[in-house]
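**Student:** Sharing a model that was predicted from the sequence below.
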Amino acid sequence: MKLRKVDWLFVAFALAVVIGVSLLPTPKDRNPTIPGTPAHRTITAEKECVGCHQAGGEKPVPARHPKRQDCFRCHAGR
């Protein structure tokens with residue numbers, strides 16, 4: 001089977017799309033990391049985040065923030 005020029009163009013385009021999509025930043029890359037402050041360095045469990053980041057806390061999460069309790073999944077890197 002011999003590939004025509006149009007077949008090679010399709011393969012090149014498909015590869016360019018796959019490579020382009022793989023280089024896009026993930027949502028996790030856009031999330032802020034956990035600060036290196038003394039208060040944050042002692043946190044070892046996600047349930048400890050709620051103390052300051054609950055509604056009415058010292059720094060509550062924004063209203064549009066997902067209602068999740070697995071903080072370390074998105075906010076990594078200390």
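**Tutor:** Structure's in. What do you need? Residues are numbered from 1 along each chain as shown.
**Student:** quick one: low-confidence ranges for the protein?
**Tutor:** With pLDDT under 70 as the threshold, the chain has low-confidence stretches at 28, 77-78.
**Student:** same thing but at 80, please
**Tutor:** When residues are selected by pLDDT under 80, those of the chain lie in 25-30, 76-78.
**Student:** how about the helices of it, start to end?
**Tutor:** For the chain, applying DSSP state H gives helices covering 5-22, 27-30, 38-41, 50-53, 71-74.
**Student:** just those helices: most buried one?
**Tutor:** Most buried of the helices of the chain by mean neighbour count (mean count of other C-beta atoms under 10 Å) is helix 71-74; its value is a mean of 15. The way it works is simple: take the backbone N, C-alpha and C, and place the C-beta from them, glycine included.
**Student:** for stretch 68-78, the distance to its chain's centre please.
**Tutor:** What separates the centre of stretch 68-78 from the centre of its chain is 9 Å, taken as C-alpha atoms, centre = their mean, to the nearest Å.
**Student:** ok, back up a step: what's the closest of the helices of the chain to residue 65?
**Tutor:** Ranking the helices of the chain by their distance to residue 65 (criterion: C-beta to C-beta) puts helix 50-53 first, at 8.8 Å.
**Student:** Format the helices of the chain as a markdown table; extra columns: distance to residue 60.
**Tutor:** Putting the helices of the chain into a markdown table (distance: least, C-beta to C-beta, whole Å) gives the following:
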| stretch | distance to residue 60 |
| --- | --- |
| helix 5-22 | 35 |
| helix 27-30 | 20 |
| helix 38-41 | 16 |
| helix 50-53 | 6 |
| helix 71-74 | 13 |
